[in-house]
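> Quick one: sequence plus predicted model below, questions after.
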Amino acid sequence: MGKKYNPYDEMLQVLDRAAEMLNLEEDDYIQLKYPERELKVAIPLRMDDGSIKVFEGYRVQHSGVRGPYKGGMRYHQNVDLDEVKALAAWMSFKCAVVNVPYGGGKGGVTVDPTKLSKGELERLTRKYATLLYPVIGPQVDIPAPDVNTNAEVMGWFMDAYSTLEGHLSPGVVTGKPIEIGGSLGRGEATGRGIMFVTREISKKLNFSLKGAKVAVQGAGNVGGTAAKLLFREGCQVVALSDVSGAIYNEEGLDIEEIIEFLQAERGRLLKDYNTPGLSRISNEELLTLDVDILIPAALENQLTADISKNVRAKVVVEGANGPTTFEGDKVLEDKGVIVVPDILANCGGVIVSYFEWVQNLQSFSWDEERVNNQLEDLIVKGFNDVWNTAQEADTTLRMGAYMVAIGRIVTATKMRGLA
């Protein structure tokens, strides 16, 4: 039996390698190996039938050196402490790589939200917010949506926190509904950011997005939006997947039609979609298709060493957090596959979350054009910082991104006199 996948151990391996390339002593960055705070809570929930169930929840605050902790909260049956710790650390690096003034945090509840009614989901969220109340706040720790949470959940969370504060406090979360302080452009921000970095890497590698074959794992807010925007850029999106399976058409899928179909009715999945020329393939087949660009935008631990051996894409753009294992990454590097790492590729969400937070603090709203333009400016600058660092160090974009991020965090630590 192989060693159990541990995302936090995976993060530590990349951290050590990047620190070595920066010629750092362990004392310079040892704090980054340990989250500053780990909170585990028991969430009692009265179910619709009158019974009470208890769910485990977490909030991990990895590094607050550069600003308030920032990171999403996910509801998933496989959530555990190691996953949340890794996600919190990745948030620290993600915020640093695009130079927004946040640290990294993450939260999660071990629950299958599809088995809860809407009322149960709301009560769970409000109780979770109450239990996190002592360690969150607009200047302390600002949650956001993640896997299986959305703007509606953020609205409930904000209201529970505001009730405890005794006044409206929209800045405690980002990704809220527009009507209660959310930002225009936030919903598509992560997918739009993926489109921007895919466009930038195509420029560096001298190939056109028009006609480029793309496979996207994940059809939710991140993968679906990225697929739609790349389709509009002229890409030929040949494969798309969700929890129900993957669909494939060698001639290209009509992504606009598919997204409209999925969004027309709550609970619709790709298994319900059909059109002439469509075939159904496995998740592994999608990841190993002969395409120009592969975008894993589902969950972590997808491109393992075994899967990576069969990857035929020229470029991998990581839409999800941690989709490529440490060993899988080495396989891709040896094969010459260019990987745009998660801490750069999917940072559009946290960039626009930052914009939303700024708008909340100023009580002033930006129009969508301004949001999208400033997102593009920050993410293109971040991409160029990473590209230039990787070129100078003769290393991968992943190492370049970690070198940029760790360098900024270590510098801030020293300037604050903490090391």
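Perfect, thanks for sending it.

> How far off centre is the helix or strand hosting residue 306?
Here residue 306, judged by DSSP states H and E, is contained in helix 305-308. Chain-centre distance of helix 305-308: 22 Å, with CA atoms, centre = their mean, to the nearest Å.

> Tell me the strands beside the helix or strand just after it, with direction?
Next in sequence after helix 305-308, counting helices and strands by DSSP H and E, comes strand 315-317. Partners of strand 315-317 in the sheet, by DSSP bridges, are strand 293-296 (parallel), strand 338-340 (parallel).

> contacts for strand 315-317?
With contacts defined as CB atoms under 8 Å, 6 or more residues apart in numbering, strand 315-317 is touched by 194, 197-198, 201-202, 205, 292-296, 303, 324, 332, 337-340, 345. Every C-beta, even on glycine, is put in place using the N, C-alpha and C of the backbone.

> Quick one: buried ones out of those residues?
For the contacts of strand 315-317, a neighbour count by 16 or more other CB atoms under 10 Å gives the buried set as 194, 197-198, 201-202, 292-296, 303, 324, 332, 337-340, 345.

> Same list, the strands paired with strand 315-317, but as TSV with mean pLDDT please.
Formatted as TSV, the strands paired with strand 315-317 follow (pLDDT from 0 to 100):
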stretch	mean pLDDT
strand 293-296	98
strand 338-340	98
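
> and the helix or strand hosting residue 379, what does it pack onto?
Element membership of residue 379, judged by DSSP H and E, is helix 368-393. The contact analysis (3 or more CB pairs under 8 Å, 6 or more residues apart in numbering; DSSP states H and E) places helix 368-393 against helix 81-97, helix 189-204, helix 342-345, helix 348-362, helix 397-415.

> what about the shortest one, distance to the chain center?
Going back to what we said before, that points to helix 342-345. How far helix 342-345 lies from its chain's middle: 8 Å, per CA atoms, centre = their mean.

> Could you tell me the average pLDDT over that helix, please?
For helix 342-345, mean pLDDT rounds to 97.

> cool, the longest one as well?
With pLDDT averaged residue by residue, helix 397-415 scores 97.

> do stretch 195-208 as well
Here the average pLDDT along stretch 195-208 is 97.

> is it true that residue 85 touches residue 63?
No. Between residue 85 and residue 63 there is no contact under CB atoms under 8 Å: 11.7 Å.

> where do the contact lists of the two overlap?
Residues touching both residue 85 and residue 63 (CB under 8 Å, 6+ apart): residue 35.

> Looking at those two, which is more packed in?
Using other CB atoms under 10 Å, the more surrounded residue of residue 85 and residue 63 is residue 63, with 26 against 21.

> Would you state the helices of the stretch 1-150 of the chain in chain order?
7-21, 26-29, 81-97, 118-132 (DSSP state H, counting those that start in this stretch).

> From the chain's centroid, how far away is the longest one?
Offset of helix 81-97 from its chain centre (CA atoms, centre = their mean): 10 Å.

> same deal with the first one?
Using CA atoms, centre = their mean, the distance from the centre of helix 7-21 to the centre of the chain it belongs to is 19 Å.

> just checking, what packs against that helix?
helix 26-29, helix 81-97, helix 326-335, helix 397-415.

> now with 10 Å?
In terms of contacts (3 or more CB pairs under 10 Å, 6 or more residues apart in numbering; DSSP states H and E), helix 7-21 is packed against helix 26-29, helix 81-97, helix 326-335, helix 368-393, helix 397-415.

> From the contact counts, what lies against the first one?
Applying 3+ CB pairs under 10 Å, 6+ apart, we find helix 26-29 packed against helix 7-21, helix 397-415.

> Looking at the helices and strands packed on helix 7-21, which is nearest to residue 358?
Closest to residue 358 of the helices and strands packed on helix 7-21, according to CB to CB: helix 368-393, at 10.2 Å.

> Return the set of buried residues in the longest strand seen in the chain.
If you go by DSSP state E, the chain has its longest strand at strand 52-63. In terms of neighbour count (16+ other CB under 10 Å), strand 52-63 has its buried residues at 55, 57-63.

> in stretch 405-418, what counts as buried?
Across stretch 405-418, burial judged by 16+ other CB under 10 Å covers 405-410, 412-413.

> Looking at those, which one is closest to residue 35?
For the buried residues of stretch 405-418, the nearest to residue 35 is residue 409 (13.5 Å; CB to CB).

> Touching, the closest one and residue 102? I think so.
No. At 11.2 Å, residue 409 and residue 102 do not qualify as touching, with contact defined as CB atoms under 10 Å.

> what's the overlap in contacts for these two?
Common contact partners of residue 409 and residue 102 (CB atoms under 10 Å, 6 or more residues apart in numbering): 63, 66, 92, 95-96.

> Which of these sits closest to residue 252?
Using CB to CB, these come closest to residue 252 at residue 95, 35.7 Å.

> need the contact list for residue 219.
Residues in contact with residue 219 (CB under 10 Å, 6+ apart) are 225-228, 240-244, 246-247, 255, 258-259, 262, 269-270, 273, 297-298.

> Select only the buried ones of the residues you listed in ChimeraX?
To isolate the buried ones among the contacts of residue 219 in ChimeraX, judged by 16+ other CB under 10 Å, type:
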select :225,226,227,228,240,241,242,246,247,255,258,259,262,270,273,297,298
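
> how about the strands paired with strand 315-317 in JSON lines, adding distance to residue 356?
Formatted as JSON lines, those follow (distance: least, CB to CB, whole Å):
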{"stretch": "strand 293-296", "distance to residue 356": "25"}
{"stretch": "strand 338-340", "distance to residue 356": "25"}
